[in-house]
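# this one's structure only:
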């Protein structure tokens, strides 16, 4: 027969030993006393071999040792060390470890574990010290946890190893770790490959929880770096007729971690899944809970995710799901065509002091942005969903063919967010930014290209939308929702450029103010936009009325909608107007309005009549139609249209300066200078960062250089035509610095006396980001606008 049945404790007289002592004698007593070199033959062990002192076993040409599904192969005692090299261990069977039970020191070099089985740890159960180098684990099975490895001891490092098709399987109950189940601190996985490892429950209807298709970690301080996760999954089959299939409490198609600190560096996550196979008799829908499910990484607490790629992952929630996050960093990752059946496609989290920067989010043009809900047309899915938390920053990211950012506070009474969304690019995003139920939000210095709905707000206070550039797109043909849709108190829209928004078929205005008070629209440029169907460039419904406990107080005191120091030029109004008002209190002053083909003010609502409008001290030139339609004013005396003058400034030079500046700025931005880098090539084990000023300080320092660049010629194409995603991608910008990150698990020590690892302060990150990105200089547009407006007024 091809497989030679040699009993180790009887047949090792044929084996060449390192020294002169025959191994056969020791094996007869189930104890190895010496280092052994095998000749490449195949062996069978009928009983577990006890290792009670230091032994090394190696083979010249990968000898195979089989237990024929009867027993564990090696039991390493607490005072012993076993070193195995170039061996194949197969067909072993046990409760704690199929092939090896380790209480001592275990070193594995270039070994392969195939088809081993156990309750805990299909191949290895480790309660001692273990080092793995260049090992392969294939098709090992656990009935509870750790399809390949079950670890209980600190400081485990796994290098250059491969895990294929390992799994944990049960009919009902808790499963953990298709390949690795770790319950100790300081686990490091470096340069490993995980392919089609999984958790499998034969009845998934209302059964136990399942965690980590490839890796489960409950110890503190996890580092996973330079590794690949492909096709790992959590899977369930149900034969319950006409029942919902419950996918809640199934966490991490690839990795689940509950560590204080989890770091994922330079990894690839491709086609990892959480799913269920329904029998043909099931007629009701699958129940998809949003809680805690992630196709790639499900983690808690402080999570650091840098320079990874996530593609084609699928689950009820997105590839990354972080609960109770604190000081999380998600930097320079790439997300491609991930499919989540929830409100987020790539990142879902809650937490405080989060920094999300330099990431690329890309979807094919034909990819769906709907979740698989009972009423999918009601829900919109965004790449990033953050539910609650304070002091979070989302900057320097690129979104293409996908909705962008959704930030809300579902449950917390304190809705203070202190959220910053800045310096991002949204290209062909149907819905780019949606914030609801939160206060204190800054949306600044972003670029929006061909968005249908660029920014939407719902409730909340103190929303600042400043210094952004909006080009193309506009609301679709079925909704009167605004391109900028405002449902929040104390909202400031200033210093922005709106260009070529809308079409003749668009139903929505450029800015739509709905049932909120104290809105300021100041210092913006509205150029070559198109509205129709009786809308305005700026439309107001109940603007100025207070909104109390979900009810508009029509009879109560009025707040204000202030529209001042804006520039309106070359807009096509198509039966609309510059300003459209219904039941609002609006002050429109000190604006420049020229060469617009239609009404300036429209108030044609028959039911909600305009309350009050002050239209004074504006400069007007070359418009067709009347200043306003007086027909539906609540009281015509409440319209003050005095002291408006003819504009005599040079609009051509004004427009040229704005367009040339933005176009040249964009050309510079897409030439490869936009990549976000790890600040100062940080060695996170030493936690060394240099001090530096924030983005605003860098902006001031380099203002002169940027001004000089803005005068250069950069081509004839429009800024919208110049968009090139590939130049913005930050995918490879950390390739050098990551070699310094997390070289040892000790670098993630939870000891309060040690320097905290991976602590990338936002000010330092922002400093380097500013050095390598020019999008922030869009703020200079508002400087130009204000300066030229001031010149115009001085001439008067």
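Yep, it's here. A quick note: this is a predicted structure, and the numbers were derived from the prediction, not measured. Residues are numbered from 1 along each chain as shown.

# please make it C-alpha for all contacts and neighbour counts, starting now.
Noted.

# can you show me the helices along this structure?
8-11, 23-28, 651-669, 695-701, 703-709, 725-728, 762-772, 779-795 (DSSP state H).

# pretty sure residue 592 is in contact with residue 617, am I right?
No: taking Cα atoms under 8 Å as the definition, residue 592 is not a contact partner of residue 617, at 9.5 Å.

# neighbour count: the two, which is higher?
residue 592 (27 against 17; other Cα atoms under 10 Å).

# separation between that one and residue 529?
15 Å (Cα to Cα, to the nearest Å).

# swap in residue 400?
23 Å.

# more neighbours: which of these two?
residue 529 (26 against 21).

# report the contact partners of that one.
498, 499, 500, 501, 502, 503, 537, 570, 571, 572 (Cα atoms under 8 Å, 6 or more residues apart in numbering).

# likewise residue 148?
So residue 148 contacts 121-124, 137-138, 140-142, 163, 166-167, 178-180 (Cα under 8 Å, 6+ apart).

# likewise for residue 106?
76, 81, 82, 83, 128, 129, 130, 131.

# now, of the residues you listed, which are buried?
Burial by neighbour count, judged by 16 or more other Cα atoms under 10 Å, picks out 76, 81, 82, 83, 128, 129, 130 from those.

# widest-spaced pair of those?
Using Cα to Cα, those span at most 13.4 Å, a distance reached by 83 and 128.

# one step back: of all the contacts of residue 529, the one with the weakest confidence?
Of all the contacts of residue 529, residue 503 carries the smallest pLDDT score, 81.

# can you pick the most crowded of the contacts of residue 148?
Ranking the contacts of residue 148 using other Cα under 10 Å puts residue 178 first, with 43 neighbours.

# wait, isn't that residue in contact with residue 197?
Yes: counting by Cα under 8 Å, residue 178 does reach residue 197; the two are 5.3 Å apart.

# so what sits against both of these two?
166, 167, 213, 214.

# biggest separation within those, which pair?
Going by Cα to Cα, the pair spanning those furthest: 166 and 213, at 9.3 Å.

# what touches both of those two?
178, 179, 197, 198.

# identify those among those residues that sit within strands.
Among the shared contacts of residue 166 and residue 213, the members falling in strands (DSSP state E) are residue 198.

# could I get the pLDDT score of residue 17?
Reported pLDDT for residue 17: 34.

# among the shared contacts of residue 166 and residue 213, which pair sits farthest apart?
Longest span within those, Cα to Cα: 179 and 198, 7.4 Å.

# what do those two both touch?
Common neighbours of residue 179 and residue 198 (Cα under 8 Å, 6+ apart) are 166, 167, 213, 214.

# now, which of the residues you listed lie within strands?
Using DSSP E, these in strands are residue 167.

# dump the shared contacts of residue 179 and residue 198 into a markdown table; add distance to residue 40 and pLDDT as well.
Compiled in a markdown table, those are given as follows (distance: Cα to Cα, whole Å; pLDDT from 0 to 100):
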| residue | distance to residue 40 | pLDDT |
| --- | --- | --- |
| 166 | 26 | 96 |
| 167 | 29 | 90 |
| 213 | 34 | 88 |
| 214 | 32 | 92 |
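
# what's the closest of the shared contacts of residue 179 and residue 198 to residue 381?
residue 213 (24.7 Å).

# I figured that closest one was touching residue 195, is that so?
No: contact criterion Cα under 8 Å: residue 213 and residue 195 do not qualify, at 10.0 Å.

# more crowded one of these two?
residue 213 (42 against 23).

# phi, psi for the more buried one please.
With angles defined as degrees, to the nearest 10, residue 213 sits at phi -60, psi -30.

# count of residues packed around residue 191?
Neighbours of residue 191 (other Cα under 10 Å): 17.

# which ones are touching it?
159, 160, 161, 225, 226, 227, 228.

# what's the answer for residue 134, then?
Residue 134 neighbours (Cα under 8 Å, 6+ apart): 109, 110, 111, 159, 160, 161, 162.

# isn't the first one right up against residue 62?
By that I understand residue 109. No: assessed by Cα under 8 Å, residue 109 is found out of contact with residue 62, at 11.2 Å.

# intersection of neighbour lists for these two?
Joint contacts of residue 109 and residue 62 (Cα under 8 Å, 6+ apart) are residue 86.

# buried stuff in stretch 339-350?
So, applying 16+ other Cα under 10 Å, buried residues of stretch 339-350: 339, 340, 341, 342, 343, 344, 345, 346, 347, 348, 349, 350.

# let's see which of these end up in strands.
Per DSSP E, the subset of the buried residues of stretch 339-350 in strands is 339, 340, 344, 345, 346, 347, 348, 349, 350.

# correct me, but the third one touches residue 402?
No: the pair residue 344 and residue 402 does not pass the contact test of Cα under 8 Å, sitting 10.7 Å apart.

# common neighbours of these two, please.
382, 383.

# what is the burial count for residue 364?
11.

# which residues does it contact?
Contacts of residue 364 by Cα under 8 Å, 6+ apart are 337, 401.

# make JSON lines from the contacts of residue 529 and add neighbour count and distance to residue 56 to it.
Below are these laid out as JSON lines (neighbours: other Cα atoms under 10 Å; distance: Cα to Cα, whole Å):
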{"residue": "498", "neighbour count": "21", "distance to residue 56": "73"}
{"residue": "499", "neighbour count": "23", "distance to residue 56": "73"}
{"residue": "500", "neighbour count": "19", "distance to residue 56": "74"}
{"residue": "501", "neighbour count": "27", "distance to residue 56": "73"}
{"residue": "502", "neighbour count": "29", "distance to residue 56": "75"}
{"residue": "503", "neighbour count": "21", "distance to residue 56": "77"}
{"residue": "537", "neighbour count": "29", "distance to residue 56": "80"}
{"residue": "570", "neighbour count": "19", "distance to residue 56": "83"}
{"residue": "571", "neighbour count": "25", "distance to residue 56": "82"}
{"residue": "572", "neighbour count": "24", "distance to residue 56": "83"}
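
# nearest to residue 579, of those residues?
The closest of these, once distances to residue 579 are taken by Cα to Cα, is residue 537, at 6.1 Å.

# how close does that closest one sit to residue 511?
6 Å.

# and for residue 65?
In terms of Cα to Cα, residue 65 sits 73 Å off from residue 511.

# now residue 125
63 Å.

# of those two, which one has the most company?
residue 125 (28 against 23).

# for that one, list the residues it contacts.
96, 97, 98, 100, 101, 102, 149, 150, 151.
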